[in-house]
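Peer 1: no letters, just coordinates:
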């Protein structure tokens, strides 16, 4: 299996991308094709012992920067993102992975790889880690103003992904809303609700913000605007809590005195703390985005995985793992089949929906 | 000053409401009028020594339940919420406080007290505690599908509130979005952006989810759907983290052994831990919604404070404190003045806005 990795994408590219590529080539039994400025990539590769690893380099003369407008996709035909996408399109590689400008990756995927027939809008599906069981949140920013039919397709794609990739049979699907009852939510949610009810999916109804963190569903559908706010708010809240605790407990003279007084006790606690190491490790791992690797862009005619812009080497390696697993289960075929089911049930319920409904 | 308190509103009403009313009457130098089923209220009051306290009871024969549809407002003329609102309307009280069905409180406020002239939609303004400095998030659920003009008014009302109640001069205003750049966000945000830029407010631009937790603005404007999801997601995330940590560190045999081994160390740490008490108290207080009391409904022609449905006695007492402070500073006049400014600047910028803008 060949996976193209965007060597130029991410806040810490190309260094950490190359580090992650080497890890992936060593551990994941896949062939990695690094796409980017060849000279730069080869310089970075020279830092590693790559003897015997299935690592190759394909030159791409341009780079789309992290904060560049998505229009750059049209202009920069030789950007690493576009060269990589075309390799997937033309069957020279099985999947594309990038930690680069996510808007540009999505635009290039739609432009160069194309959508699966019948899919109106591809969507970005991310794992929401702050719940007792994993939750797939879809969409996370690809579509800021979707319509009810788009959301129905997101639900269908998300459910198919979770069923196939996570092995959850008949996954529970919910829609993010501002209240539990069926008539709560904004116009988009209220219009989407009946489509989901009639979809044949295991639809469990509205999920309020707190319900998402309780894991009341396996797949949680929302528009890309709300999904983006939810993910970034959660990331921000966790780092605020860590900073706030540290500030309250460590900063200042009184706290320094307290810490000195705590030292002998901490030493006496060492045996107990050693027993806690596995638990502390599980906590750290759960809160570490790098464990989850990358978010699949569902609905395009190829496997495209978008990693966090802040990705470190471990995150890159794990994004390659997600790509590999997606190729293995035939993700594109899975989504194609889900989409075929979607268009059948969609036309059946279109009449039930009341388009005249307006907000109170 | 007379404050009407909805004795029947909240998950733990009337018990904790009466407890909170007694606390407020003792500590806040205000007169409390409890509105609700007189017999029930008097029974609850009998548990307390109320001699010398300015506490009275006004009978209301009906109750709007927590999960009842908002339509009940029209039908139940004698509900505690409606009786209380009419007392404010008729000048028999200065403010109304309820931990009851928030949709019903908002509907009754609009119906019985009416909006301030020029305000198109009242909005619920809540304090978002998970940031280094307090952030006023407006709207939190009153308006699930507002238009750009509504959001502009929310910003103006929120800024006026923060300036007058919190004493922050020329407060920074931001709008919740899915990206920092001016062209990011959904259609509503992109259409509202130029109105905020031209508003004369201290507009600092888009705030992503993580920026809210960093406190990059004093007032953060959003539609009620997104605001509701943000608040409930944050509450849920904090309790998930607490449960998850506890589960990982305390549950299971290995952890029990670890805890026993930690005991001698903990004892040795006692002197240091004592020094930490003020810090731990500050952390607990910051995370305790009850400290913040209640959220003002801005834009109605009277002071209306909505407390959390889960309110305990302290939360009720603090909601009365927010009501008292709002009356003291002349909140209604403050919002009226802000609204007058709003309508002037609004007509000036209406022409600048491009109504044909559509999503990508």
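Peer 2: Thanks, I have the structure now. This is a predicted model, so every value here is computed, not measured.
Peer 1: which elements pack onto the helix or strand containing residue A:174?
Peer 2: Taking DSSP states H and E as the criterion, residue A:174 maps to strand A:172-176. Where contact means 3 or more C-beta pairs under 8 Å, 6 or more residues apart in numbering or on different chains; DSSP states H and E, strand A:172-176 is packed against helix A:148-165, helix A:187-197, strand A:202-207, helix A:209-214, strand A:219-221, helix A:224-250. No exception for glycine: its C-beta is placed from N, CA and C like everyone else's.
Peer 1: and the first one with chain B, contact?
Peer 2: What that stands for is helix A:148-165. No: Helix A:148-165 stays clear of chain B (C-beta under 8 Å from any C-beta of the partner chain), getting no nearer than 10.8 Å.
Peer 1: so that helix versus strand A:172-176, what angle?
Peer 2: Helix A:148-165 and strand A:172-176 are oriented at 140 degrees to each other (axes from the mean of the first three to the mean of the last three C-alpha atoms, to 10 degrees).
Peer 1: the third one now?
Peer 2: Here strand A:202-207 runs at an angle of 20 degrees relative to strand A:172-176 (the same axes, to 10 degrees).
Peer 1: sheet partners, orientation included, of strand A:202-207?
Peer 2: strand A:172-176 (parallel) (DSSP bridges).
Peer 1: quick one, longest helix in chain A?
Peer 2: Longest helix of chain A, by residue count under DSSP state H: helix A:253-286.
Peer 1: now that helix: how far from the chain's centre is it?
Peer 2: How far helix A:253-286 lies from its chain's middle: 33 Å, per C-alpha atoms, centre = their mean, to the nearest Å.
Peer 1: buried set for it?
Peer 2: Residues of helix A:253-286 classed as buried by neighbour count (16 or more other C-beta atoms under 10 Å in any protein chain shown): A:255, A:258, A:261-262, A:265-266, A:268-269, A:272-273, A:275-276, A:279, A:283.
Peer 1: would you mind splitting chain A into its domains for me?
Peer 2: Domain assignment for chain A by automatic domain parsing gives A:1-113, A:242-285.
Peer 1: deepest-packed of the helices and strands packed on strand A:172-176, please.
Peer 2: Comparing the helices and strands packed on strand A:172-176 by mean neighbour count (mean count of other C-beta atoms under 10 Å in any protein chain shown), strand A:219-221 ranks first with a mean of 29.
Peer 1: which strands or helices does that one pack on?
Peer 2: Secondary-structure packing of strand A:219-221 (3+ C-beta pairs under 8 Å, 6+ apart): strand A:135-138, helix A:148-165, strand A:172-176.
Peer 1: how about the shortest one and chain B, touching?
Peer 2: No: against chain B, strand A:135-138 shows no contacts by C-beta under 8 Å from any C-beta, the least distance being 10.8 Å.
Peer 1: what does that strand rub up against?
Peer 2: With C-beta atoms under 8 Å, 6 or more residues apart in numbering or on different chains as the contact definition, strand A:135-138 has outside contacts at A:123-128, A:154-155, A:157-158, A:161-162, A:166, A:212, A:215, A:217-222, A:227, A:230-231, A:298.
Peer 1: so in that sheet, which strands flank that strand, and in what orientation?
Peer 2: When DSSP bridges is applied, strand A:135-138 pairs with strand A:123-128 (antiparallel), strand A:219-221 (parallel).
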